[in-house]
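1. here you go, sequence then predicted model.
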Amino acid sequence: MILKNARIVLEDGVQEGSLCIENGKIAWISGCNDGDGIDLGGMYLAPGFVDQHNHGCPECWFEHEPARAARWHLWEGTTSLLCSLSRHVKKYYSYEQAYENIRAAMGPDSPIRGVHMEGPYLDQDFGVCGKNEYPIIREEYRRWMDLGKGLIKQWTFDPTREGAEEFAKDVQKQGIPLSVCYSRASPELLAQYLDFGLRIGDHIFDATSAPDQKCRGVREPGSDEFVLVEDKMIAELTVDSLQMHVRPYNLKLAYKCKGPDGIALITDCCAGGDPMGGDVNIVDGALYGSQLTLSKAVRNTREQLGLGICELIRMASTTPAKTIGLYGERGSIHPGKVADLVVLDDELHVKGVILGGKIIRKEF
């Protein structure tokens, strides 16, 4: 299959021309538009979006109906995602059953690439799924590791918890990157965990905190500041249209500090709330994730920061693919990589989706 007359979004710029797909992979890229092929009419051809933090869709959670939730995001261009399992899965369901359901939904026609464990070892005072204390129990998390072997691609925890260092070392042995959120950890403590694979700041500026004030009137730095300053850390950002997860100045600050190679756009999509006329998710008056797709998050980010297509795609595809270990096959357009692609018009609305070389959505 040849796609021609496209503006192909590469990591270092946009190339006008054609792209060939053979056996589910990108065979070649050319500046020529002659010959047969599917004419994209000058639309953008970009790598499919990669969402490393996503709990489901507005109608269902990944732990219950992973195939249904994945299809909802795939239609809007997310060709790779992690199913995020929060603390409420432990309280109301089970991680073991969630793993079983998610594995059954994976395959060549699915964008599901694994699981993100968002907890349960977090500060109980933060987040709407808090209010429950979960001590770190080695036998417990090692059982989850065994059952989720090869499936768990990211694990969020609170480094201030008793047993956190042993936990982090065990997670690192499995090659799983650690992320921080829902924590009062100081930058000094967080820096110690860089050696144990800490690399991600979960949805910074949202459900994050800092140590108690040492002196009244002085602002203490916490995980957000650490993520912004430390070059090894990737900052997750949930950019909704109502600017509730990330305020405009915080978004500008994050981009100024991290740039497109240090930011992973995420949806933190959740089920069952009120979008408030936008793409947030409100439950009982509290912010409870979003109802975003990554395509909408990309458009929101362009509107709020005025960025070009290459920078946006790096944050929505390339950087997250690198962060969760998918970059060898996905996250950018390059010969030999899997043909996971999205077709976008000038307003960055999705007009086509290709998964593993197979056309899923075609409006061109």
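-> Noted; the coordinates are in hand.
2. which residues of the stretch 201-350 of the chain fall in helices?
-> Ranges of helices in the stretch 201-350 of the chain, per DSSP state H, counting those that start in this stretch, are 223-229, 248-258, 294-305, 309-313, 319-323.
3. can I get the longest one in CSV, CA atoms only?
-> Provided in CSV are the C-alpha atoms of helix 294-305 (Å, rounded to 0.1, in the frame of the first residue of the first chain):
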residue,chain,number,x,y,z
LEU,A,294,-4.9,12.2,22.6
SER,A,295,-6.0,13.8,19.3
LYS,A,296,-8.0,16.3,21.4
ALA,A,297,-5.1,16.8,23.8
VAL,A,298,-2.8,17.6,20.8
ARG,A,299,-5.3,20.2,19.5
ASN,A,300,-5.6,21.7,23.0
THR,A,301,-1.9,21.9,23.3
ARG,A,302,-1.5,23.6,19.9
GLU,A,303,-4.2,26.1,20.9
GLN,A,304,-2.6,26.9,24.2
LEU,A,305,1.1,26.9,23.3
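4. now the angle between helix 248-258 and that helix, please.
-> Interaxial angle of helix 294-305 relative to helix 248-258 (axes from the mean of the first three to the mean of the last three Cα atoms, to 10 degrees): 100 degrees.
5. start the count at 614 instead of 1 going forward.
-> Done: numbering now begins at 614, and the last item shifts to helix 907-918.
6. could you say what helices and strands helix 907-918 packs with?
-> strand 662-667, helix 861-871, strand 876-878, helix 922-926 (3 or more Cβ pairs under 8 Å, 6 or more residues apart in numbering; DSSP states H and E). Glycine gets a C-beta too; all of them are placed from N, C-alpha and C.
7. ok so, going back, Trp685 is nearest to which of the helices of the stretch 814-963 of the chain?
-> Trp685 lies closest, by Cβ to Cβ, to one member of these: helix 907-918, at 11.7 Å.
8. pull up the distance across stretch 796-807, start to finish.
-> 16 Å (Cα to Cα, to the nearest Å).
9. contacts for that stretch next, please.
-> Contacts to stretch 796-807, defined as Cβ atoms under 8 Å, 6 or more residues apart in numbering, come from residues 735-736, 739, 771-773, 778, 781, 791, 793, 811, 821-825, 833-836, 838-839, 842-843, 845.
10. any chance of a markdown table for the helices and strands packed on helix 907-918, columns distance to Gly727, mean neighbour count and mean pLDDT?
-> Formatted as a markdown table, these follow (distance: least, Cβ to Cβ, whole Å; neighbours: other Cβ atoms under 10 Å; pLDDT from 0 to 100):
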| stretch | distance to Gly727 | mean neighbour count | mean pLDDT |
| --- | --- | --- | --- |
| strand 662-667 | 9 | 30 | 98 |
| helix 861-871 | 24 | 16 | 98 |
| strand 876-878 | 15 | 27 | 98 |
| helix 922-926 | 22 | 21 | 98 |
